[in-house]
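Chemist: pasted the sequence and its predicted model underneath.
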Amino acid sequence: MTDKLTPERRSENMRKIRSKDTLPEKAVRRLIHSMGFRYRLHVAKLPGKPDIVFSRLKKVVEVRGCFWHQHKDCIDSHIPKSNSFYWGPKLRKNVRRDIQNEKKLKALGWHVLTLWACEVSDIKRLENRIKAFLQ
């Protein structure tokens, strides 16, 4: 299957995708802040620079995009048919890196909560998960 977009348009679309301050990440941060918790962002001293860090609690929250981090059984986690020689290895590498970073964090005594972009829309459920994790 060929790409429906021109290479220039595809490149422009890809340039707009950010690894920090994504919409799901901002939504989770707003919710956590409204719950009265304070946190640090993208702490470089920790493996993988976790999205949201609660230093005093030794807990981190990772907000992952379903496509980029291949959320199992999610409709958004498919590997594109066009240019699959590129996407397959790239997405598998992302998943391996996530697993390694989580192992390193746990070895350092940190607790990790992974939230997926597709889960962010259910605010009440999300709030309950975060509350349970942080207490």
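Modeler: It's in. Numbers count the residues shown, from 1 in each chain.
Chemist: next structured bit after the lowest-mean-pLDDT helix or strand in the chain?
Modeler: The helix or strand with the lowest mean pLDDT-type score in the chain, counting by mean pLDDT, DSSP states H and E, is helix 7-15 (a mean of 70). Following helix 7-15 in sequence order, the next helix or strand is helix 23-34 (DSSP states H and E).
Chemist: show me what that following helix is packed against.
Modeler: strand 52-54, strand 59-64, helix 123-134 (3 or more CB pairs under 8 Å, 6 or more residues apart in numbering; DSSP states H and E). Every residue, glycine included, has its C-beta placed from N, CA and C.
Chemist: apply 10 Å and report the result again.
Modeler: strand 52-54, strand 59-64, strand 111-116, helix 123-134 (3 or more CB pairs under 10 Å, 6 or more residues apart in numbering; DSSP states H and E).
Chemist: if anything else comes up later, I'll come back, but that's it for now.
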